[in-house]
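Participant: Dropping the sequence and predicted coords here.
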Amino acid sequence: MDRDHEIVKASVIGIVGNMLLVVFKLIVGFVSHSIAIILDGVNNATDAMSSIVTIAGTKLAARRPNKDHPFGYGRVEYLTAVVIALIILVAGVISLRESILKIIHPGTPSYSTITIIVIIVAIAAKIVLGIIFKHYGDKTHSEALVASGVDSNYDAVLSAGTLVVALAQNLWNINIDGVVGVIISLVVCKAGIDVLRDSLSPIIGEPEDRELVSKITRYVSQFPDVHDVHDVILDNFGPNKVIGSVHIKVPDTMTARQIGVLSRRIVKGLQEKFDVTLTVGIYTENATEKYEPMHKKLDEIVKDSPKVLNAHAFYVDEQAKTCYFDLVVDVEADARAEMEHIVSAMKQAYPAFTYDVQIDTDYAE
């Protein structure tokens, strides 16, 4: 699948569809003197602008990495979604102002049968565009297309509001044009805020995909001599650019050559199977079971500590009399205090050893 081509194709469909709706709604709005229809048409114009922004963002994101941006430009797509959110917000604020003025200085809107038909067609068109954007957004993992799909779904609801205005005017001679315009504007503003929040989230940093972490863990665990897998960290540099690391536990009897070959096989397999680039860190495991009671004691202490999620990478250096292990602590807990508690309990049980502890964080959602 040519991802960029699919995104551009969906965006072009959005531009054509929305511009046709703009022409329809502006003509009908001016003829019927309806601020709600005119504002709905303006909103469709911003949707067309959003699709243009999506195309530009896709082209920029596809630029090859260089010395200034060695990880590529993939995150530009997230910025594209932010721009779309801001366009939606600006349209909502402008529409709100015009709607309030319409309440203060009401006109006399009129809606013909043709006008109502055009509004119904607009509702159907926005539903279809929303489905198209969502389909291509999910298919290509494009935040910008997903945002456009959400916006189209809101637009269908807003056009339905305009239909209510027309029916109220024709059936009961009640002018609720300005009021519905205010409601439409507030809904548009809310849509903009929601899209902005979702767009900023991957830029700020989201929890890792637990399902993907689980798949990577299961896959790496299948390699010979890998006795455990921990600390899968994934950093998103764009929809198709995931870089990170994974730690594996291997017997301390393995040679550097054997570990090197194993690491290369894991890295290559992860790239081919999951399209992720991970470096492999090494934890060693005592080949003898001599320190298994000590390990079990650590597990018992951790089990009695609710804010400590787990302990791993346990290893005892017999010559240095040092015990190594990692603690995964709840992100909202006092990690140092939890570590000191665990180390204190271990020293009471095994005072002849010193303890070298690494604090880890569970980054998955």
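Facilitator: Arrived safely. Everything numeric here is computed off the predicted structure, so don't read it as measured data.
Participant: Strands of the stretch 101-250 of the chain, residue ranges please.
Facilitator: Using DSSP state E, counting those that start in this stretch, the strands of the stretch 101-250 of the chain run over residues 228-236, 242-251.
Participant: Lowest average pLDDT across those?
Facilitator: Mean pLDDT is lowest for strand 228-236 out of the strands of the stretch 101-250 of the chain, coming in at a mean of 89.
Participant: how about that one: buried residues?
Facilitator: For strand 228-236, burial by neighbour count (16 or more other Cβ atoms under 10 Å) applies to Asp228, Val229, His230, Asp231, Val232, Ile233, Leu234, Asn236. Just so you know, the C-beta spots here come from the backbone N, C-alpha and C atoms, and that holds for glycine as well.
Participant: Name the residues linked to the last one by a beta bridge.
Facilitator: Per DSSP bridges, the residues bridged to Asn236 are Val242.
Participant: could the strands of the stretch 101-250 of the chain go into a markdown table alongside distance to His141?
Facilitator: Listed next are the strands of the stretch 101-250 of the chain as a markdown table, based on distance: least, Cβ to Cβ, whole Å:
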| stretch | distance to His141 |
| --- | --- |
| strand 228-236 | 10 |
| strand 242-251 | 11 |
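Participant: hang on, the earlier thing: closest to Lys139 out of the buried residues of strand 228-236?
Facilitator: Of all the buried residues of strand 228-236, Asn236 has the smallest distance to Lys139: 18.3 Å, by Cβ to Cβ.
Participant: Contact partners for that closest one?
Facilitator: By Cβ atoms under 8 Å, 6 or more residues apart in numbering, the residues touching Asn236 are Arg75, Pro202, Glu206, Val242.
Participant: Which of those has the largest number of neighbours?
Facilitator: The residue in the contacts of Asn236 with the most neighbours, by other Cβ atoms under 10 Å, is Val242 (20 neighbours).
Participant: Can you report how many residues neighbour Leu26?
Facilitator: Using other Cβ under 10 Å, Leu26 has 17 other residues around it.
Participant: Actually, Gly205.
Facilitator: Considering only other Cβ under 10 Å, Gly205 is surrounded by 10 other residues.
Participant: For Ala160, see how far away it is.
Facilitator: 37 Å (Cβ to Cβ, to the nearest Å).
Participant: Give me the mean pLDDT for the helix or strand Ile37 falls within.
Facilitator: Taking DSSP states H and E as the criterion, Ile37 maps to helix 35-61. Here helix 35-61 scores 79 as its mean pLDDT.
Participant: Then stretch 173-186?
Facilitator: Rounded mean pLDDT across stretch 173-186 is 80.
Participant: quick one: Lys59 and Ile84, what's the gap?
Facilitator: From Lys59 to Ile84 the distance is 15 Å (Cβ to Cβ).
Participant: what's the answer for Asp304, then?
Facilitator: Distance from Asp304 to Ile84, by Cβ to Cβ: 50 Å.
Participant: Those two: who's more crowded?
Facilitator: Using other Cβ under 10 Å, the more surrounded residue of Asp304 and Ile84 is Ile84, with 29 against 11.
Participant: so what's the more buried one closest to, chain neighbours aside?
Facilitator: Of all residues not flanking Ile84 in the chain, Ser50 sits nearest, at 4.3 Å (Cβ to Cβ, 6 or more residues apart in numbering).
Participant: buried stuff in the helix holding Ile37?
Facilitator: Residues 35-51, 53-55, 57-58, 61 are the ones in helix 35-61 that count as buried (16+ other Cβ under 10 Å).
Participant: same thing with stretch 206-216?
Facilitator: Glu208, Val213, Ile216.
Participant: and if you look at stretch 164-184?
Facilitator: For stretch 164-184, a neighbour-count test (16+ other Cβ under 10 Å) marks 165-166, 168-170, 175-184 as buried.
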